[in-house]
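Enquirer: What follows is a predicted protein model with its sequence.
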Amino acid sequence: MLRQKTYSAESGYVYQYFYEGQRPAKRDGDSGVEFVFNVSADRKSSFPVSVFVSDKSVENWQTQHDRQLGSTERYAVAKMALFQAFDRRPSPAAMIEEVRVAPEDVETILATLDISKQATWSEILVYNVKTGEEIWIPRRFIGELSRIEDPVVIVGLIKELEYRGGAVLPYQRRVIEMPIAVGDRPRAPASPRPEPAPVVGIRLEPGAEGRIGRLVVGALTVGILGTLGLVMVTREGTLRPRTNYTNTDSKFLELTARDDYYSVVNKLGAPERDSSISKPGGLEFRSLWYPGRSYYVILMGAERDNLRYIGAMDKDWKLVHSVDLHGASTASMLRELKKF
């Protein structure tokens with residue numbers, strides 16, 4: 001998560017900003033790195049501000065000090081250049097223009113930050129903000145630093161450390177050896193056998209094979225009967241109720257959830273009676289009665305001109321057909337629907 005920071009500029013404005021990232025870029029033929037910050041002056045709206053640090057702008061400083069600037073140091077230059085722009089530009093509207101770092105700006109900024117030569121320190125101080133404890137870690141254990149400081153600067157270690165006896169030492173994983181029992185003597189490790197282990201014959205008692213076979217067959221039989229019973233209960237239970245329909249007309253089986261009133265009439269003909277009812281929630285149901293076929297065709301939808309087939313009920317208003325609608329069956333809906 002990015003941490004927003006605040007800067008009170010000499011121009012009188014208070015800016016909120018956070019670092020978004022960096023990317024290689026070119027300006028007027030000069031290559032360098034573009035650092036992008038997200039800036040706000042009113043805590044309501046924000047806009048991106050780019051700070052371009054060209055390789056040419058840091059070349060003089062690197063030549064004079066005989067070393068290359070690292071990525072973290074270039075980021076520090078870009079951030080200080082952003083602060084200078086906050087101070088010098090008269091209003092937030094002027095911050096839309098890209099900030100370009102000049103060679104003299106690099107010299108001034110790095111002099112302010114006192115970055116003149118490679119670090120010669122041998123230890124780094126670590127402070128625990130919760131306990132207030134301070135410890136010194138030797139530099140030889142310190143790895144790389146994070147490229148940016150948002151939300152915090154991350155310091156890497158080249159090996160796992162432990163704090164012991166007031167000093168920081170490399171952590172060593174110890175193997176605990178079980179003590180020897182009283183009266184026992186140390187045993188030499190078994191030497192590997194050069195040849196395969198001998199095959200030992202196992203003789204079963206008379207009739208054992210027959211008993212084992214009968215047990216296996218009995219277990220399989222019980223398992224098969226149990227599975228068949230579960231299948232029968234599932235088929236006959238409430239999860240998939242059976243529909244007994246004895247009418248020889250099954251033309252409704254050709255209807256799907258894509259059929260509307262006109263396609264139903266095209267397949268089954270015009271109904272003798274056409275009824276409709278509205279339900280809470282804006283749903284409308286339409287019932288088409290076919291006495292010659294002895295069933296009702298039910299349509300449903302949010303608009304009367306766009307009702308779709310959801311199933312069929314027999315002359316006693318019992319479910320004879322349902323469809324899948326949006327991945328679920330319409331059967332339960334039709335069972336709860338009262339005749340109209």
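Expert: That came through, no problem. The shown structure was predicted, so the numbers you read here are calculated from the model rather than taken from an experiment. Numbers count the residues shown, from 1 in each chain.

Enquirer: Secondary structure element holding residue 79?
Expert: helix 71-88 (DSSP states H and E).

Enquirer: Give the next helix or strand downstream of the worst-scoring helix or strand of the chain on mean pLDDT.
Expert: Here the helix or strand of the chain ranked lowest by mean pLDDT, DSSP states H and E is helix 208-236, holding a mean of 65. Going down the chain from helix 208-236, the next helix or strand is helix 261-268, by DSSP H and E.

Enquirer: what's the offset of that next one from the middle of its chain?
Expert: Helix 261-268 sits 47 Å away from the centroid of its parent chain (Cα atoms, centre = their mean, to the nearest Å).

Enquirer: buried set for that helix?
Expert: With burial defined by 16 or more other Cβ atoms under 10 Å, the residues of helix 261-268 counted as buried are 261, 264, 268. Bear in mind the C-beta positions are built from the backbone N, C-alpha and C, glycine included.

Enquirer: neighbouring contacts of it?
Expert: The contact list for helix 261-268, computed with Cβ atoms under 8 Å, 6 or more residues apart in numbering, reads 251-252, 254-255, 259, 271, 286, 288, 290, 293, 297, 299, 307, 309.

Enquirer: Is it possible to get TSV of the residues you listed that adds distance to residue 7, neighbour count and pLDDT?
Expert: Supplementary listing: these in TSV, determined by distance: Cβ to Cβ, whole Å; neighbours: other Cβ atoms under 10 Å; pLDDT from 0 to 100:
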residue	distance to residue 7	neighbour count	pLDDT
251	78	14	83
252	74	22	83
254	73	10	89
255	69	21	92
259	66	21	93
271	76	19	93
286	67	24	94
288	73	23	94
290	79	21	93
293	80	20	92
297	72	26	95
299	66	22	94
307	63	21	91
309	66	27	95
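
Enquirer: So for the helix holding residue 79, mean pLDDT?
Expert: Averaged across helix 71-88, the pLDDT comes to 92.

Enquirer: Show me what it is in contact with.
Expert: So helix 71-88 is contacted by 7, 9-11, 13, 15, 17, 19, 22, 33, 35, 37, 49, 51, 53, 58, 69, 95, 99, 101, 105-106, 109-110, 112-113, 115, 145-149 (Cβ under 8 Å, 6+ apart).

Enquirer: Which of those fall within strands?
Expert: 7, 15, 17, 19, 22, 33, 35, 37, 49, 51, 53, 99, 145 (DSSP state E).

Enquirer: Tell me the predicted confidence for the first one.
Expert: When you say that, I think you mean residue 7. Here, the pLDDT recorded for residue 7 equals 92.

Enquirer: burial count for residue 66?
Expert: Residues near residue 66, counting by other Cβ atoms under 10 Å, number 8.

Enquirer: Also the one 4 residues further on?
Expert: Summarising burial for residue 70: neighbours were counted as other Cβ under 10 Å, giving 13.

Enquirer: which residues touch it?
Expert: No contacts exist for residue 70 under Cβ under 8 Å, 6+ apart.

Enquirer: In this structure residue 126 contacts residue 141, no?
Expert: No. Contact criterion Cβ atoms under 8 Å: residue 126 and residue 141 do not qualify, at 11.0 Å.

Enquirer: So which of those two has more stuff around it?
Expert: A count of neighbours by other Cβ under 10 Å puts residue 141 above the other of residue 126 and residue 141, at 17 against 13.

Enquirer: The more buried one reaches residue 161, doesn't it?
Expert: Yes. Counting by Cβ under 8 Å, residue 161 is a contact partner of residue 141 at 6.1 Å.

Enquirer: Common neighbours of these two, please.
Expert: Joint contacts of residue 141 and residue 161 (Cβ under 8 Å, 6+ apart) are 168, 170.

Enquirer: can I get the buried residues of helix 261-268 in JSON lines with distance to residue 331 and pLDDT?
Expert: Putting the buried residues of helix 261-268 into JSON lines (distance: Cβ to Cβ, whole Å; pLDDT from 0 to 100) gives the following:
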{"residue": "261", "distance to residue 331": "22", "pLDDT": "91"}
{"residue": "264", "distance to residue 331": "19", "pLDDT": "93"}
{"residue": "268", "distance to residue 331": "21", "pLDDT": "92"}
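
Enquirer: Which one of those is nearest to residue 340?
Expert: Proximity of the buried residues of helix 261-268 to residue 340 (Cβ to Cβ) peaks at residue 261, which lies at 16.3 Å.

Enquirer: Now do the contacts for residue 330.
Expert: 300, 310, 311, 322, 323, 324.

Enquirer: Can I have the buried ones of those residues as a PyMOL selection?
Expert: Selecting only the buried entries of these in PyMOL, with 16+ other Cβ under 10 Å as the criterion:
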select buried, resi 300+310+311+322+323
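
Enquirer: Looking at the contacts of residue 330, which two lie furthest apart in space?
Expert: 300 and 324 (13.6 Å).

Enquirer: Identify the residues contacting stretch 7-25?
Expert: Contact with stretch 7-25 is made by 2-6, 31-41, 43, 46, 48-49, 52, 75, 78-79, 82-83, 86-92, 95, 147-150, as judged by Cβ under 8 Å, 6+ apart.
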